[in-house]
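1. pasting a predicted model and its sequence here:
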Amino acid sequence: MHILVVDDKQAVRDSLIILLEASGYKVDSACNGLDAFEKAQKFNYDLFIIDHLMPIMNGLQLAKNLSQQSTTMLIPILFMTTQGIESINNIPESQLFTAILSKPINEENLLSQVIQLNIKNIQLHSL
């Protein structure tokens, strides 16, 4: 599974990369939505882990842009926010997210979500 982690905080990106790579995943990172969108056009990802509030292009705009591209529209998105899951569930873009995670990230919860999505991905590709 190839994952793109998108967060403007270097420390968050680094900790998620270490966690995910230690679990056997291939991980790339981006520092904002524009950087991520450009990488999504060049590389094939199986999962996007996207922060909500970022400069240049925030996570909501990135999710909208990804949903409009034929190459990325079906790729799951784990959305990370400090704003609370309930507030995110109340916005129209919430339908674009496979799951919403509160920050600070609970590592067990994140890995559980990634494992579930990886299993679904394997099942889809074996049909």
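-> Sure, I can see it.

2. from now on I want contacts and neighbour counts done on CA atoms only, so please keep to that.
-> Will do.

3. ok, and for the longest helix seen in the chain, which residues are buried?
-> When secondary structure is assigned using DSSP state H, the longest helix within the chain turns out to be helix 107-126. Of the residues in helix 107-126, those scored as buried under the neighbour-count criterion (16 or more other CA atoms under 10 Å) are 110, 113-114, 117-118, 121.

4. would you format those residues as CSV with pLDDT included?
-> Shown next, in CSV, are these (pLDDT from 0 to 100):
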residue, pLDDT
L110, 94
Q113, 91
V114, 94
L117, 84
N118, 77
N121, 69
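
5. circling back: what comes into contact with the longest helix of the chain?
-> 1, 19-20, 46, 76, 99, 101 (CA atoms under 8 Å, 6 or more residues apart in numbering).

6. out of those, list just those in strands.
-> Using DSSP state E, 99, 101 are the members of the contacts of helix 107-126 that sit in strands.

7. which residue is nearest the centroid of the chain?
-> Centrality entry for the chain: nearest residue to the mean C-alpha point is I49, 1.6 Å, by CA atoms, centre = their mean.

8. can you tell me the SS state at that one?
-> State at I49, reduced to three classes by DSSP: H, G, I helix; E, B strand; the rest coil: strand.
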